[in-house]
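> just coords:
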């Protein structure tokens, strides 16, 4: 995986990417982001790039996003924007990356998406973890929440200790004592609910309908990851949490052999992580969904 470049200004980052003497011709605001400001930069040589900007405190957030995209890109399995640089600029920070030109979807869009995602999930992962089989080289973010990525040799231990427990600790203001006891009961049974995958997979980590776009090749490209090495089933479970993808996507992905027997019984446990995170980020409207999953499984 290439080194992540850092610059002290957007102008320096552009010169590093495009060459000396190349500057910014125009900057067009792109609406839609909840956390960051986004812009299309058109350069004096006619090329384009994509810029995210935010307050200075977001620099580590951008660094984490960049490392996740670079990890995915290094597998050469599925499209994602190339990272050019990150850094601080005046009173803010920035992330400079490839601009994805809008295009029409190919006719077999969902089938190819499933095939390429499965290929990502089958890629070698040893270089992405700091220790053990599961985790990532650094902690990163799931939405605006810190995501712990300490290494573990087993998927069940990793999911319990690096996914559910940190979210439960953050949710202290929402959870009753009885809720915490129920979650503890669930975590004690986790070895009987989850299964160890045949091999670890590099995951997008936050794979819902807002975190992929159509690339210039007409295929699905991944954006805004919460990348880590885990069980491929966790990525697929997340796709089903908020409406799901096209039916043909799941049919083709099923043929990859990565979904183990009983996946449907584990799906809600994987999504408990995301619901707890939504509880922490967006408030008590998600508490009943968390409770329903826990109550069903204890």
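That came through fine. The model shown is predicted, which means the values in this text are computed figures rather than measured ones.
> who touches stretch 161-173?
134-135, 145-146, 148-150, 152, 175, 180, 183, 187, 272-273, 276-277, 279-280, 290 (Cβ atoms under 8 Å, 6 or more residues apart in numbering). Placement of C-beta: from N, CA and C, glycine included.
> which among those residues count as buried?
Listed as buried from those are 134-135, 145, 148-150, 152, 175, 183, 187, 272-273, 276-277, 279-280, 290; burial here means 16 or more other Cβ atoms under 10 Å.
> confirm residue 26 sits in a helix?
No. Using DSSP: H, G, I helix; E, B strand; the rest coil, the assignment for residue 26 is strand, not a helix.
> excluding its backbone neighbours, what's nearest it?
residue 42 (4.7 Å; Cβ to Cβ, 6 or more residues apart in numbering).
> could I get the phi/psi values of that neighbour?
phi -110, psi 130 (degrees, to the nearest 10).
> state the pLDDT value of it.
Listed pLDDT for residue 42 reads 95.
> show me the contacts of stretch 161-173 that map onto helices.
Of the contacts of stretch 161-173, the ones assigned to helices by DSSP state H are 180, 183, 187, 272, 273, 276, 277, 279, 280, 290.
> ok, so of those residues, who is nearest residue 102?
Closest approach to residue 102 among these (Cβ to Cβ): residue 277, at 30.0 Å.
> in the stretch 51-200 of the chain, where is pLDDT below threshold?
Residues of the stretch 51-200 of the chain meeting the criterion pLDDT under 70: 56.
> in it, which spans are strands?
83-89, 92-98, 140-142, 145-147 (DSSP state E, counting those that start in this stretch).
> how about CSV for the ones you listed, with distance to residue 113 added?
Below are the strands of the stretch 51-200 of the chain laid out as CSV (distance: least, Cβ to Cβ, whole Å):
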stretch, distance to residue 113
strand 83-89, 22
strand 92-98, 19
strand 140-142, 22
strand 145-147, 24
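> compare these and give me the one nearest residue 246.
Of all these, strand 140-142 sits nearest to residue 246, with 24.7 Å by Cβ to Cβ.
> what are the pairing partners of the closest one, and which direction each?
strand 145-147 (antiparallel) (DSSP bridges).
> what does the partner strand contact?
Contacts of strand 145-147 (Cβ under 8 Å, 6+ apart): 139, 140, 141, 166, 167, 170, 205, 226, 228, 277, 280, 281.
> quickly note the distance from the residue lying closest to the second one once chain neighbours are set aside to residue 136.
It stands for residue 140. Nearest residue to residue 140, sequence neighbours excluded (Cβ to Cβ, 6+ apart): residue 64, at 3.7 Å. Relative to residue 136, residue 64 is positioned 9 Å away (Cβ to Cβ, to the nearest Å).
> who's more crowded, the two?
Per other Cβ atoms under 10 Å, whichever of residue 64 and residue 136 has more neighbours is residue 136, with 28 against 22.
> leaving out chain neighbours, which residue sits closest to that one?
Closest to residue 136 by Cβ to Cβ, 6+ apart is residue 149, at 3.8 Å.
> then residue 102?
residue 214 is the one closest to residue 102 (Cβ to Cβ, 6+ apart), at 7.0 Å.
> counting neighbours, what do you get for residue 172?
Residue 172 sits with 9 neighbouring residues when counted by other Cβ under 10 Å.
> also residue 95?
Residues near residue 95, counting by other Cβ under 10 Å: 26.
> the nearest residue to residue 225 once chain neighbours are set aside and residue 149, how far apart?
Leaving aside its sequence neighbours, residue 225 sits nearest to residue 68 (Cβ to Cβ, 6+ apart; 4.0 Å). The spacing between residue 68 and residue 149, counted by Cβ to Cβ, is 10 Å.
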